[in-house]
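[1] Structure here, sequence nowhere to be found:
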């Protein structure tokens, strides 16, 4: 409003200098018209919504932050014993979280692990402390479960009295018993104890509540399906401990997909997985993952068809405390955006923009994403667009999400990917009320995006990105968010299945919004494929490409590594093992491009595209801004 006041004062001065009284009324009318027009305008940077819950916060969590927190440490001599203790620790964590929610304790559990050193975890630990959580010392799971802890400041910080007994498992002879024990744990309020530690717990006065030692996953479903909440599911290999506490905390069913981790030679539970997905509530997220004969296309496909999505957070320990009280921890942290009025629209260049893949991976956001892919110099140099899960991270890890937005690389674009964890927009809710559920999902996505000033959306199709079902989804998401400036469309495989095609859809304000498909992907494989390959190969492809040649969206495969072989290398030379990764891969491609190209941010690419194809309406929009 500062500029408006200055204009008004200037106009008043003009009046005072007018000597002819006859002119004054007309000048005053002109002033009114000017100020009225300005009053309707707004700065582009001010186009965002305030933080508020309009139904987009869906995840269950603790509704408070505990006052105290024990660090559970596992350090036995054998890996097999370590897993048994870690599963015990996870059950203590999950049951303690339930007790906090029920008002029975104010003591939480943090299981020490290697991820504690990552930036995201350090930020979340600091957040716990800042919210008044007092960290106690380290203690082993066996000790805290069987012994009374000393008072702290006169307060009882023991947790053993919170448990009604134990659930017996036998990881040596039946690893699936550990999966069954998770579901039984929240049904019976019992910690999970392996046969190796049974005598210790018997002597400590515990009673066995349920014997899972010979049970299989399908037994657990038969016995406990009516006692499980239907707003979540956890899938993890039976040789891991992560996310068992989350299932216990939220009364979710817990399963391994394969009897033998990642292999189907001893059977799988694929039919059971499909049955469970059909029983879950709309918009539910499936936590965890297990790779195997049924790949991610299949797993995500079943989830998507049933109006569900997969969270991709298998290696996400201590989630119970990280997302605690998230609804009251939301802050108005905003993405940096490019003001379209500041763009030079007279460029005569072939524009290239880079987009980093896999931003839907929540465990990556909590892993090395910040320090190794995101907050690095090459991100700004190459104006890389980063997909981030702005629908999930504010709920899963608010402090880490805030850090990500505050450390956005200069010149980069932040993109909401997928619209609420992983699903396929062309198959979403096809087994349910697709039209209604797709619209609700789009509304929730829009709320998250608008409250954090995210202007670009990424959606993935299971099949062809240009199908009628995919286009139905694009239109739905555009209808629900008139601040959306453009959409990036990925095909499951290859990501560049759209070949650079551009589709247009009108939003509710009458503006045409582009859906831009990936033209090529920088992806290190033994051979270069039609639209995936090395920087040198992609550079040569761009030189020949005549499909929207001035607008080139290139995807960087987040997990690929290349080597620098110089500008005159052959098209496969860069596949040799190297240390160039992430945003720096874009540097290799840019080095192969001549002066007819210019690297621009994804936001600029979108606005340049809109100006070229719809100049009149784009200029009208720019004129509506201050």
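    That came through, no problem. These figures come from a predicted structure and were not determined experimentally. Residues are numbered from 1 along each chain as shown.

[2] How much space separates the spatially closest residue to residue 148 that is not a sequence neighbour from residue 139?
    Distance criterion CB to CB, 6 or more residues apart in numbering; nearest residue to residue 148, sequence neighbours excluded, is residue 158 at 5.0 Å. For the C-beta atoms, the positions are set from N, CA and C on the backbone; glycine is no exception. Note on residue 158: its distance to residue 139, by CB to CB, to the nearest Å, is 11 Å.

[3] Mutual contacts of these two, please.
    Residues touching both residue 158 and residue 139 (CB atoms under 8 Å, 6 or more residues apart in numbering): residue 149.

[4] Please list all residues in contact with residue 461.
    Per CB under 8 Å, 6+ apart, neighbours of residue 461: 424, 425, 426, 467, 469, 470, 489, 490, 491, 492, 497.

[5] Let me know the helix or strand that the last one is in.
    Read that as residue 497. Assessed by DSSP states H and E, residue 497 sits outside every helix and strand.

[6] number of nearby residues for it?
    Around residue 497 there are 21 other residues, counting by other CB atoms under 10 Å.

[7] Next one: it, what pLDDT does it get?
    We have a pLDDT of 96 for residue 497.

[8] how about it, what does it touch?
    Taking CB under 8 Å, 6+ apart as the test, what residue 497 contacts is 461, 464, 465, 490, 491, 517, 518, 531.

[9] among those, which two are most distant?
    Pairwise distances across those peak at 14.9 Å for 461 and 531 (criterion: CB to CB).

[10] Out of the contacts of residue 497, which comes closest to residue 338?
    For the contacts of residue 497, the nearest to residue 338 is residue 518 (20.5 Å; CB to CB).

[11] count of neighbours near the closest one?
    Residue 518, neighbours per other CB under 10 Å, totals 27.

[12] what's the answer for residue 510, then?
    By other CB under 10 Å, 10 other residues sit near residue 510.

[13] Quick check: phi and psi at it.
    phi 90, psi 0 (degrees, to the nearest 10).

[14] and it, how far is that from residue 621?
    10 Å.

[15] The residue minimising distance to the centre of the chain and residue 414, how far apart?
    Closest residue to the average C-alpha location of the chain: residue 389 at 2.7 Å, with CA atoms, centre = their mean. Counting by CB to CB, the gap from residue 389 to residue 414 is 11 Å.

[16] go on, residue 491?
    22 Å.

[17] who's more crowded, these two?
    residue 414 (27 against 24).

[18] Return the set of residues that bridge with that one.
    Residue 414 forms beta bridges with residue 386, as assigned by DSSP bridges.

[19] doesn't residue 385 make contact with it?
    Yes - applying CB atoms under 8 Å, one finds residue 414 in contact with residue 385, separated by 7.5 Å.

[20] Identify the contacts common to these two.
    Residues touching both residue 414 and residue 385 (CB under 8 Å, 6+ apart) are residue 456.

[21] quick one: the nearest residue in space to residue 479 that is not next to it in sequence and residue 128, what's the gap?
    In space, residue 479 comes closest to residue 508 once its chain neighbours are excluded; the distance is 6.0 Å by CB to CB, 6+ apart. Distance, residue 508 to residue 128, by CB to CB: 42 Å.

[22] How about residue 236?
    Look at residue 236 and residue 128: by CB to CB, they are 24 Å apart.

[23] Between these two, which has more neighbouring residues?
    Taking other CB under 10 Å, residue 236 and residue 128 do not tie; residue 236 has more neighbours (26 against 21).

[24] Which residue comes closest to residue 519 once chain neighbours are left out?
    Excluding the flanking residues, the one nearest residue 519 by CB to CB, 6+ apart is residue 500, at 3.5 Å.

[25] list the contacts for that neighbour?
    Contact analysis of residue 500 by CB under 8 Å, 6+ apart lists 516, 517, 518, 519, 520, 545, 547, 548, 551, 552, 553.

[26] From those, list the buried ones, please.
    516, 517, 518, 519, 520, 545, 548, 551, 552, 553 (16 or more other CB atoms under 10 Å).

[27] Those residues: which two are farthest apart?
    Spatial extent of these (CB to CB) is set by the pair 516 and 545 at 14.3 Å.

[28] what about stretch 426-442, start to end distance?
    Terminal residues of stretch 426-442 lie 13 Å apart, using CA to CA, to the nearest Å.

[29] ok, residues contacting it?
    With contacts defined as CB under 8 Å, 6+ apart, stretch 426-442 is touched by 278, 282-283, 301, 304-307, 419-420, 425, 461-464, 467, 469-470, 472-473, 476-477, 479-481.

[30] and if we set it to 7 Å?
    With contact meaning CB atoms under 7 Å, 6 or more residues apart in numbering, stretch 426-442 is reached by 282-283, 301, 304-307, 419-420, 461-463, 467, 469-470, 473, 476-477, 480.

[31] now swap in stretch 568-586 and tell me
    With CB under 7 Å, 6+ apart as the test, stretch 568-586 has contacts from 354, 372-373, 376, 378-379, 382, 384, 522, 524, 526, 528, 534-537, 540, 556, 558, 560-565, 588.

[32] out of the residues you listed, which are inside strands?
    354, 522, 556, 561, 562 (DSSP state E).

[33] Buried ones among those?
    The neighbour-count test (16+ other CB under 10 Å) marks 354, 522, 556, 561, 562 as buried among those.

[34] and the two most separated of the residues you listed?
    Between any two of those, the greatest separation by CB to CB is 16.3 Å, found for 354 and 561.

[35] between the contacts of residue 500, which is nearest residue 215?
    Out of the contacts of residue 500, the member with the shortest distance to residue 215 (by CB to CB) is residue 518, at 45.9 Å.

[36] Wait, the closest one touches residue 555, no?
    Yes - here residue 518 lies in contact with residue 555, judged by CB atoms under 7 Å, at a distance of 4.7 Å.

[37] Mutual contacts of the two, please.
    495, 496.

[38] What's the local residue count around the nearest residue to residue 289 once chain neighbours are set aside?
    Among residues not flanking residue 289 along the chain, residue 314 sits closest, at 4.2 Å (CB to CB, 6+ apart). By other CB under 10 Å, the residues close to residue 314 number 21.
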